[in-house]
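**Q** Sequence first, predicted coordinates after that:
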Amino acid sequence: MENTLVLYPAPGIGHMISMLELAKLILRHYSNKFSRIHILITTGFPDFSSNLSPPAIAFKFIRKNAPNVHHALQEISKTSSIRAMIIDFFCTSAMPYSNNLGTPVYYFFTSGAAALALYLYFPTIHKQTSESFKDLVQTKFDVPGLPPIPATHMPEPVLDRVDPASDDILYFSVHLPKSSGIIVNTFDELEPIALKAITDGLCVPDAPTPPLYNIGPLIAEADSRPAEDGDEGIDLDQSDCFSWLDRQPNKCVVFLCFGSRGTFSVEQITEIAKGLERSGKRFLWVVKKPQGDNKSTQVNGSGGFEIDSILPEGFLEKTKGIGLVVKSWIPQMQVLRHPAVGGFATHCGWNSILEAVVAGVPMVAWPLYAEQHVNMAALVQDMKMAIPVEQGNDGIASAEEVEKRIRELMDSERGQELRELSKMIRDIAVESGQHLGSSSIALSNLIRVLFGN
């Protein structure tokens, strides 16, 4: 029978694209080892109680799909020799079915080593308190390889202990060390402190740590990412955006983009706008419809909105010579690689961080949800590629703070140091994937384990 691999991504465009890129990477270099790769997709729409949190709904949906995965594995095994099943962290419920068939399970961890260290250590943290993390406003947790983490900065699904999603994350985390290995979308030189803590066994104190295969940076091609949800009412096409960038001086534009879920309140949008105007720096800002907003002017009932209805009066006119505000999806990787872009304000999603790393662009770190606070800590203290934004007790970053961080990134000596270091890390990232680079060697080691010499 022919050799094959089975890949099982979590629903969500970011997770699916990352798994697809992994499949493409393996096929590009090792297609001689097997003739095909199977990618299992979770389909349909969950019909669960609306009183569940979004993460709990997503995890329950994946769990309900596990028997379908079992059936697919049985069918594939009739004609192929399944050398391994590679699953997303959130697809742990499929592990028993693969084990029952005698198929080794590997995780593909689509975030970085900092988040992996946290999740490996999470069962230990979970034993340290019976309270919800969201209520421990004065508590910080020591995680091997990471700076102390405030309890309120823990990943979104575990903040409320009574949320079923918290139990799901605990289940996923307990099973991570039970896998045959963990494939991580990072590279050795990017997160040395977190990676050393993991490989030294500090994050799993009561069991062996499975081998790591750091094969990153793995990102989609610049023009291959699909538009995201909520991109109705586009008022500026991509060609106009790049035409505007083409007219700007090199390394002078700050690019602000906060991911598909990166929405702010009208109050926060106002503060960002004021900070940008006061900074006097050139900017390209992607704005999404504000959280809980019923006041912005709608566009033809489509769910789109008029940009100027949520910005301070006169802002667009005052900044039209130096700034561009868009509400459409634009190809982030292409923007980051444009010569005019000299800084990136980001929500610290891992894919966005890797895209900035590959482009050699320093960052202003503004985490919003999920494991992004953990990513920010690694980005600022381990990678030293970003300046953190500080928020007030009300969760709002003031106009003064926005102005300060933009100026610091673009004008200060520290900003220049970040720029130089970002260029160096960019070059290392490229080298890691080349022959005898760390990521190339890791991929080779993985294939050797799966298929032998």
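**A** That came in fine, so what should we check first?
**Q** tell me which residues of the longest helix along the chain are tucked away?
**A** Ranked by residue count under DSSP state H, the longest helix found in the chain is helix 54-79. Going by neighbour count (16 or more other C-beta atoms under 10 Å), the buried part of helix 54-79 is 55-63, 65-66, 69-70, 72-73, 76-77. Backbone N, C-alpha and C define where each C-beta goes, glycine included.
**Q** try stretch 251-258
**A** 252-258.
**Q** Next: stretch 84-99.
**A** 84-95, 97-98.
**Q** got the buried residues of stretch 251-258 as TSV, with secondary structure and pLDDT columns?
**A** Supplementary listing: the buried residues of stretch 251-258 in TSV, determined by DSSP: H, G, I helix; E, B strand; the rest coil; pLDDT from 0 to 100:
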residue	secondary structure	pLDDT
C252	coil	98
V253	strand	99
V254	strand	99
F255	strand	99
L256	strand	98
C257	strand	97
F258	coil	95
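**Q** nearest spatial neighbour of the most centrally placed residue in the chain, skipping sequence neighbours?
**A** The centroid of the chain falls nearest to W350 when counting by C-alpha atoms, centre = their mean (2.7 Å). With sequence-adjacent residues excluded and distances taken as C-beta to C-beta, 6 or more residues apart in numbering, W350 is closest to S111, at 4.3 Å.
**Q** per-residue confidence at the one you found?
**A** At S111, the pLDDT value in this model is 96.
**Q** picking that back up, among the buried residues of stretch 84-99, which are in strands?
**A** 84-88 (DSSP state E).
**Q** quick one: which of those residues is nearest R337?
**A** Closest approach between these and R337, by C-beta to C-beta: D88, at 27.7 Å.
**Q** Which strand residues bridge the closest one?
**A** Assessed by DSSP bridges, D88 has beta-bridge partners F108.
**Q** contacting residues for G145?
**A** Neighbouring residues of G145 by C-beta atoms under 8 Å, 6 or more residues apart in numbering: 113-114, 117, 193-198, 202-203.
**Q** what helix or strand is the residue nearest to it when sequence neighbours are not counted on?
**A** What sits nearest to G145 in space, not counting adjacent residues and going by C-beta to C-beta, 6+ apart, is A197, at 2.8 Å. A197 belongs to helix 192-199 when assigned by DSSP states H and E.
**Q** Tell me how far that helix lies from the chain's centre.
**A** Centre-to-centre, helix 192-199 and its host chain are 19 Å apart (C-alpha atoms, centre = their mean, to the nearest Å).
**Q** need the next SSE after it, C-terminal direction.
**A** Past helix 192-199, the next helix or strand by DSSP H and E is strand 212-214.
**Q** For the helix or strand just after that following strand, which residues meet the burial criterion?
**A** Toward the C-terminal end, the helix or strand that comes next after strand 212-214 (DSSP H and E) is helix 238-246. Residues 238, 241-242, 244-245 are the ones in helix 238-246 that count as buried (16+ other C-beta under 10 Å).
**Q** For helix 238-246, enumerate the helices and strands it packs against.
**A** With contacts defined as 3 or more C-beta pairs under 8 Å, 6 or more residues apart in numbering; DSSP states H and E, the packing partners of helix 238-246 are strand 282-286, strand 323-326, helix 332-336.
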